[in-house]
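> this one's sequence-less:
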């Protein structure tokens, strides 16, 4: 699929030197920026999307390694992620990232006294909440009978929390769990099993408000809310190729390899956005609306004076890393599409053989992606050290890997993969509108109520575009309302 992409946009038209109120500049080509650009264009606004990288997709992208298409990291979404599903529909890609029919998570424990991996499963039934998980919890072999009973009591207590209550933001999730009788083993084998993957932090480093949001929405809202979906093609097909085609069809001008260097207010009240696409290519875009959809530190650097009351709060929003290990075996070593592990440093393992193109090249080989969230301890380890640490662990978890040839082992690191969901972060996250008319913020780190997920990014883009269109007096539908859980 091809798309029309410029590396340097022409200057947007102005009249008598005045900014064009019907024009918008979106800075940042991740999911938030793509979403905002699509929604603004759908309402008849002329949009230029500026992205410094040579591709769209932000931190959910693909690259080539030899003949294989590699995702920088394993990304999943849940059935409750209705905004991200809207995005997939908008770019014509829902069928390329299907959901499970029903939640089914294989959980391998290699810390069992027998020394052999012990398999448990977290599965749901079609029964109403909370009975949909009752059978799975009752037979979950990684917790004692007493621990399972205590999980049920904590889950009922969670249902009574309001994730938007500011008081929850300052409390850590681990403290709340301990007060409700959750053992260290229960936290490891259940709460952190889910929480680390969704929050990118362990319970002791997670805001209770964000944790309550994850568990209430994912596990305690609708029976199918936690069913898992993931791309069966490279992420670049969804977030770059198809997204670019959708932007082109909407009339959005996309400028890659182009970065914004300054945002300033014009004498007429409009905005000037200075951009560069390389040495000697400085240019100015004029617009009535600007959406800043870049990470918090980049946003802080570009914000005009007075746009936020306390702009330095953005610098208090910390980041958390995610590490991904990629292993290509000379034979099949795993039958499930994915599993998660206990008693091992390995967290989640996905089979990427088909999506990477390896299956078409060699039907006998298998490519596994190991996704390690909250990876502060490993993010800077040398590749050789990571190989020595993790290949034996995969052999413990997957007996078929013992003796298998390793054709390739490599690492992708996202040191600032997400914002850190630490207690107190909620009061630092800004809303989409700023003090400056015509200037709006977007990004998974803004005040969406969600942790740093693809869902949060899309929601932020929809919110920013909606706020901009309201200010412009443009009629528009509200996809967030349509996509409400």
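Nice, thanks for sending it over. Please read these numbers as outputs of a predicted model, since none were measured by experiment. Numbering: from 1, shown residues only.
> how far out from the middle of the chain is stretch 327-340?
24 Å (CA atoms, centre = their mean, to the nearest Å).
> First-to-last residue distance for it?
16 Å (CA to CA, to the nearest Å).
> how about the helices in the stretch 101-250 of the chain?
In the stretch 101-250 of the chain, the helices defined using DSSP state H, counting those that start in this stretch lie at 134-138, 145-159, 166-169, 173-179, 184-186, 192-199, 208-219, 235-236, 243-249.
> which secondary structure elements does the longest helix that the chain contains contact?
Counting residues, the longest helix found in the chain (DSSP state H) is helix 454-472. Helices and strands touching helix 454-472, by 3 or more CB pairs under 8 Å, 6 or more residues apart in numbering; DSSP states H and E, are helix 31-42, helix 82-90, strand 289-292, strand 439-441, helix 479-482. No exception for glycine: its C-beta is placed from N, CA and C like everyone else's.
> and of the ones you listed, who's closest to residue 50?
helix 31-42 (8.5 Å; CB to CB).
> Next, the angle helix 454-472 makes with that closest one.
40 degrees (axes from the mean of the first three to the mean of the last three CA atoms, to 10 degrees).
> Between helix 82-90 and helix 31-42, find me the angle.
Using the same axes, to 10 degrees: helix 31-42 against helix 82-90 is 60 degrees.
> Give me the mean pLDDT for helix 31-42.
What helix 31-42 shows for mean pLDDT is 98.
> For that helix, what is the distance to the chain centroid?
17 Å.
> Where does the prediction get shaky in the stretch 1-150 of the chain?
1-21 (pLDDT under 70).
> Please, where are all the strands along it?
23-27, 46-50, 62-65, 68-71, 76-78, 104-109, 118-123 (DSSP state E, counting those that start in this stretch).
> returning to what we had before: list the buried residues in the longest helix of the chain.
Using 16 or more other CB atoms under 10 Å as the test for burial, helix 454-472 gives 454-469, 472.
> next one: stretch 425-443
Under 16+ other CB under 10 Å, the buried positions of stretch 425-443 are 425-426, 428-430, 432-434, 436, 438-443.
> mind checking the end-to-end distance for that stretch?
15 Å.
> Ok, stretch 314-321 next?
Stretch 314-321: ends 18 Å apart by CA to CA.
> cool, and stretch 360-372?
End to end - CA to CA - stretch 360-372 spans 27 Å.
> Skipping adjacent residues, who's closest to residue 152 in space?
residue 137 (6.9 Å; CB to CB, 6 or more residues apart in numbering).
> what's the answer for residue 251, then?
Nearest residue to residue 251, sequence neighbours excluded (CB to CB, 6+ apart): residue 41, at 5.6 Å.
> mind listing the strands for the stretch 301-450 of the chain?
319-329, 338-342, 348-351, 366-373, 406-419, 439-441.
> what sits against residue 409?
325, 326, 327, 328, 383, 387, 391 (CB atoms under 8 Å, 6 or more residues apart in numbering).
> List just the nearest of those residues to residue 156.
Once CB to CB is applied, the member of the contacts of residue 409 that ends up nearest residue 156 is residue 325, at 37.6 Å.
> Correct me if wrong: the closest one contacts residue 386.
Yes - counting by CB atoms under 8 Å, residue 325 touches residue 386, with 6.3 Å between them.
> More neighbours: which of these two?
Shown here are residue 325 and residue 386; by other CB atoms under 10 Å, residue 325 has more neighbours (24 against 20).
> Setting aside sequence-adjacent positions, which residue approaches the more buried one most closely?
For residue 325, the spatially nearest residue (CB to CB, 6+ apart) is residue 370, at 4.0 Å.
> Spit out the contact partners of the one you found.
324, 325, 326, 327, 346, 347, 348, 349, 390, 394.
> Most neighbours among these, which one is it?
That'd be residue 349 among those, by other CB under 10 Å, with 26 neighbours.
> Go ahead and confirm it touches residue 390.
No - the criterion here is CB under 8 Å, and residue 349 misses it with residue 390 at 10.1 Å.
> sorry, back to before: report the set of residues contacting both of residue 325 and residue 386.
With CB under 8 Å, 6+ apart as the test, residue 325 and residue 386 both reach residue 411.
> Give me the distance between residue 220 and residue 182.
As judged by CB to CB, to the nearest Å, residue 220 and residue 182 stand 16 Å apart.
> ok, residue 52 - how many residues close by?
18.
> Please report how far the closest residue to it other than its chain neighbours lies from residue 301.
Nearest non-adjacent residue to residue 52, counting by CB to CB, 6+ apart: residue 259, 4.0 Å away. Between residue 259 and residue 301 the computed distance is 11 Å (CB to CB).
> which of the two has more neighbours?
The neighbour comparison of residue 259 against residue 301 (other CB under 10 Å) goes to residue 259, with 19 against 13.
> Was I right to think that one contacts residue 50?
Yes - counting by CB under 8 Å, residue 259 does reach residue 50; the two are 7.1 Å apart.
> list residues touching both of these two?
By CB under 8 Å, 6+ apart, the residues touching both residue 259 and residue 50 are residue 275.
> before we move on, the earlier item: out of the strands of the stretch 1-150 of the chain, which gets nearest to residue 237?
That would be strand 62-65 among those, by CB to CB, at 7.4 Å.
> Pull up the pairing partners for that closest one, direction included.
In the sheet, strand 62-65 lines up against strand 68-71 (antiparallel) (DSSP bridges).
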